[in-house]
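Take a look and give me a structure for this.
(chains A and B)
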Amino acid sequence: MRGAIILAALALPMPAMAQDHSQHQHTPAPTPAPTPTPSEPQEPPAGSIRIRLPTRNAPPPADHSAMDHSQMDHSAMTANLPASGPPPRAFDGPAHAAAAIWGEEAMEVARARNHEIHGGGTYATLLVERAEARFHDGEEGYLWDAQGWYGDALDKLVVKTEGEGSFDGPIEEAEVQLLWGHAITPWFDLQAGLRLDVKPDVTPQLALGVQGLAPYNIHVDAAAFLSDRGDVTARIEAEHDMRLTQRLILQPRVEAEFSAQDIPELGVGAGLPHLSAGLRLRYEIAREFAPYVGVEYEAATGRTADLRRAAGEDASGIALLVGVRTFF
Amino acid sequence: MPGWARGQSLTHARRGFGEVSGERIALTIGDHHFTTGARSGHAVAVNGSVPGPLVRLREGQDVTIDVINTLAEDSSIHWHGLLLPFQYDGVPGISFPGIKPGETFRYSFPVRQNGTYWWHSHSDLQEQQGLYGPLVIDAAEPDTRYERDYVVLLSEFTPRHPHEIARMLAVGEHYFNRQMTTVGDGSMSAEERLMWGEMRMNPRDISDVTGATYTYLVNGHGPADDLSFAFTPGERVRLRVINGSAMTFFNVRIPGTSMTVIAADGQEVEPVEVDEFQIGTAETYDVIVTPQAGTHALVAEAMDRSGMGVATLTSAAGAIATPPPLREPVTLTMADMGMHGGMGAMDHSGAAMDHSGMDHAAMGHAMPTQGAAPGNASEPMDHSMRDTALLPPQVEVGPGIDMVAPMPVDRMDFPGLGLDTVSHRVLRYTDLVARDANPHRMPERQLEIHLTGNMERYMWSFDGKRFNAVTDDPIRFGFDERVRVKLVNDTMMAHPIHLHGHFFELVNGAGMMNQPRKHTLVVQPGSTATFDLTANEPGDWAFHCHLLYHMHAGMMQTVTVRPFPAAEAAA
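Numbers count the residues shown, from 1 in each chain, chains lettered A, B, ... in the order given. Got it, this is the predicted structure:
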């Protein structure tokens, strides 16, 4: 509000200032260009500006009739023209011509709005990349993996959630991440924020990662995590959409987890505790709704595998998947 | 809340338009419902029709146009291609404050030209919703070149709200593209596929919004609406083709009938006979046809070939033409990446690319290609597709630029994506020669403007700066200055660049005095295009890509022409 008043006040003397060419109010020191003689007088005397509107097919400024310009190759001369920037008169006031006609008060609002709506768009979306039932050795489980964002092209508030469980038991793993994403390259965002594991234990963690599109159109999401107990882990996911037809898409997907230390309460050993590689074949009934079937190989390695085997579980296995990919 | 959400029963907008003329004209903007074929939804109509009425003026007259906004949001009308005092140009925030709900705004200006133009909203995304119409200015002297005169206004209708379209474009997923390359598609070599993949680009990114949601309209009529134009055999028919679409380039043809182009963007050109032409968004072409007795299809095929607008040109009342089928989808080439201009017309299938030297360590941006074209085997190219060192200093480098054309060349001789391989005569910019001589003046300086973008993030800009980031840094011209402006397209889409309130002259190889005058210039993907501008219309003007969602995403600037006669204009 205060800004508006100040701007409006600034605008008031503008018409008068506009006539005074000696005061170049907003001249970022242009390089004075050598100005060849144009067809009209260039600098009308201060205070009496009258610009003759040119008529259609105005006569040439000088008598070139004796010369045949029609065949000259003018495109070749571009290199010789100075890239000198606008001449001094181009910086004459008013700053905004319409303010001189309709008043700065009305124009200020419209101008701000006009800039704002051309490039500053904020949007929101939610992508459920995986919502699937998993069948492995007679066990039936489920998994979800979704992320949404709100923001513009460069800065986003990102929410991610994933988790899994078996249909006849409680949720086994569940996590939510709340991240700020900021564009650091044309294709990648840096993401930083919090991860909260809800299951198996409530574990708050710090998250720092990158997400984006790698060469060959591989979607990558890689992040490192630091838990409140000081455990350092990391996870990388990569997937690629192979379009078999316009609606049938095969998606290879790999995911790997790393741990810098043993985390016995989670059954995690230092190293590469978890690896998975899957193939999902989806059919886009609509862009927004694509059921899929798939298969996924999953393995624990190293000490994690030992821990699993000690608990009477398989260290690796193959699951069949049925799910749906959807977004809003 | 807009009227259509208030439970009111909306009237159906008429398809097509009536005509308004004279010195006093009233246009009323209102919410309506619109249906074509199987698609139906909300529309913004003017005087009850989509498109709005034909505004028919006469060169030399004065006109006063009252625009009444009955919407629940601000609106505006911009007179596309008209030379007029800038305060009546109709761009909210640049030329005037806009028209508030319930308000009437009075435009008043002398008509200083003749030809085929159009008008449309410059507020929000209303143009997509139906707020546009044709504008024809008859010459002061009678024109004896034709017996019939039709407006052919091409556009689109979508039942989706334009904000939702903008959101889907921002979210990505190539939402509207149903013609992506598939694994089994044999039209590209494995090497080419790898190269496109390496760049994270899609060679089928021809149009952002497609027939997946658009029904293409001719004078407000979809293909199912059987629009027909009558003629008597032997008659010369003038078709005033206007691309009033939001996002679509059209390939226009009447199979079996040649067309003589007599004007481009309302300005007379030396007649050129063609079989087909591509018309960029916001351009206009006037053609004269003399169809043989019978029934002909007038086809306006979307450039990406995801649909077409169709009308019938017939000498037999009631007959409806059968349009030809859609042609194969278009795939971008190396030339569209600004890789090597000379390859534009070549057959790429035979151009073996050696990517063995790819430097993947360097973030995957480097893409050396050896012996890209057979004729250039002795000149190995070393191209990066995002070598920002090639950009002039005024370009702001950041995530908003996903590509820098490594070797952009002028492609005014390119007939448009997909039309370089057809066997009949197609219009090129290099065919356009102004009929009436322009004043002879050499440019005094040159200016280079880069068209920049990020397809994945849906960011579009000039010189890397979206309009929301350039609040008070316009492109400045001195009054009556003559400047050679070179547009460099660092993206893989064709952009129709429009300057308000002026005609510039294409530097297309025609003699300096016969360079064609245009208000909108298509800059081909990965290419340059140059125009000469005499900045002789004082005031503030919009300068933008006329693809609506590109402008909406930031590809817009203000052009100022100074000094501006404040005292006189305010009086």
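
Secondary structure class of residue 108, three-state.
In the absence of a named chain, this looks at chain A. helix (DSSP: H, G, I helix; E, B strand; the rest coil).

That was the other one, I meant chain B.
Assignment for residue B:108 (three-state DSSP): strand.

What is the burial count for it?
Residues lying near residue B:108 (other CB atoms under 10 Å in any protein chain shown) number 15. C-beta here means a position set from N, CA and C on the backbone, and glycine is covered the same way.

Next, the contact list for it, please.
Residue B:108 sits next to B:62, B:63, B:64, B:65, B:88 when contact means CB atoms under 8 Å, 6 or more residues apart in numbering or on different chains.

let's go with 6 Å and repeat that
Going by CB atoms under 6 Å, 6 or more residues apart in numbering or on different chains, residue B:108 touches residue B:64.

Repeat that for the one 10 residues further on.
The neighbourhood of residue B:118, defined by CB under 6 Å, 6+ apart, consists of B:80, B:134, B:135, B:242, B:244.

how about these in CSV, adding pLDDT and distance to chain A?
Shown next, in CSV, are these (pLDDT from 0 to 100; distance: CB to the nearest CB, whole Å):
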residue, pLDDT, distance to chain A
B:80, 98, 17
B:134, 97, 21
B:135, 98, 17
B:242, 98, 21
B:244, 97, 20
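
neighbour-wise, which of the residues you listed leads?
Neighbour-wise, these (other CB under 10 Å) top out at residue B:242, 30 neighbours.

partner strands of whichever strand or helix holds it, parallel or antiparallel?
Assigned by DSSP states H and E, residue B:242 falls within strand B:237-243. Using DSSP bridges, strand B:237-243 pairs in its sheet with strand B:148-157 (parallel), strand B:284-289 (antiparallel).

For the host helix or strand of residue A:221, give the mean pLDDT please.
Per DSSP H and E: residue A:221 is located in strand A:218-227. The pLDDT scores in strand A:218-227 average 96.

Count the neighbours of the nearest residue to residue B:95 once chain neighbours are set aside for me.
Distances taken as CB to CB, 6 or more residues apart in numbering or on different chains put residue B:89 closest to residue B:95, at 4.1 Å, once the chain neighbours are dropped. Number of residues near residue B:89 (other CB under 10 Å) recorded here: 28.

mind giving me CSV with the contacts of residue B:118 and columns for distance to residue B:12?
Formatted as CSV, the contacts of residue B:118 follow (distance: CB to CB, whole Å):
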residue, distance to residue B:12
B:80, 26
B:134, 21
B:135, 24
B:242, 23
B:244, 20
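
Could you chop chain B up by domain?
What automatic domain parsing lists as the domains of chain B is B:3-142, B:429-570.

Name the helix or strand of chain B that has the lowest mean pLDDT.
Lowest by mean pLDDT, DSSP states H and E among the helices and strands of chain B is strand B:366-369, with a mean of 36.

residues contacting residue 326?
Since you didn't name a chain, this refers to chain A. Residue A:326 makes contact with A:128, A:288, A:289, according to CB under 6 Å, 6+ apart.

um, chain B though
Taking CB under 6 Å, 6+ apart, we find residue B:326 in contact with residue B:305.

Wasn't it part of a helix?
No: counting by three-state DSSP, residue B:326 is not part of a helix but coil.

That one and residue B:188, how far apart?
The gap separating residue B:326 from residue B:188 is 20 Å, by CB to CB, to the nearest Å.

next one: residue B:56
According to CB to CB, residue B:56 stands 49 Å off from residue B:188.

For residue B:56, what are phi and psi?
The phi/psi pair for residue B:56 (degrees, to the nearest 10) reads phi -110, psi 120.

An error on my part: the question was meant for residue A:101.
For residue A:101, the backbone dihedrals (degrees, to the nearest 10) come out as phi -100, psi -50.

how many neighbours does it have?
Other residues within reach of residue A:101, judged by other CB under 10 Å, total 23.

Now do the contacts for the residue nearest to it when sequence neighbours are not counted.
Spatial nearest neighbour of residue A:101, chain neighbours left out: residue B:87 (4.5 Å); criterion: CB to CB, 6+ apart. Contacts for residue B:87 (CB under 6 Å, 6+ apart) come out as A:101, B:95, B:96.

Residue A:237 now?
So residue A:237 contacts A:221, A:255 (CB under 6 Å, 6+ apart).

Got phi/psi on it?
Residue torsions, per degrees, to the nearest 10, at residue A:237 are phi -120, psi 140.

tell me which parts of the stretch 101-250 of chain A are close to chain B?
A:101-102, A:106-107, A:110-111, A:114-116, A:118-120, A:123, A:125, A:153, A:183, A:186-187, A:213, A:215-217, A:242-246 (CB under 6 Å from any CB of the partner chain).

rerun at 7 Å
By CB under 7 Å from any CB of the partner chain, the residues of the stretch 101-250 of chain A that approach chain B are A:101-102, A:106-107, A:110-111, A:113-121, A:123, A:125, A:153-154, A:183, A:185-187, A:213, A:215-217, A:242-246.

so of these, which ones are in helices?
Of those, the ones assigned to helices by DSSP state H are A:101, A:102, A:106, A:107, A:110, A:111, A:113, A:114, A:115, A:116.

And for the fifth one, the neighbour number?
A count of neighbours around residue A:110, defined by other CB under 10 Å, yields 22.
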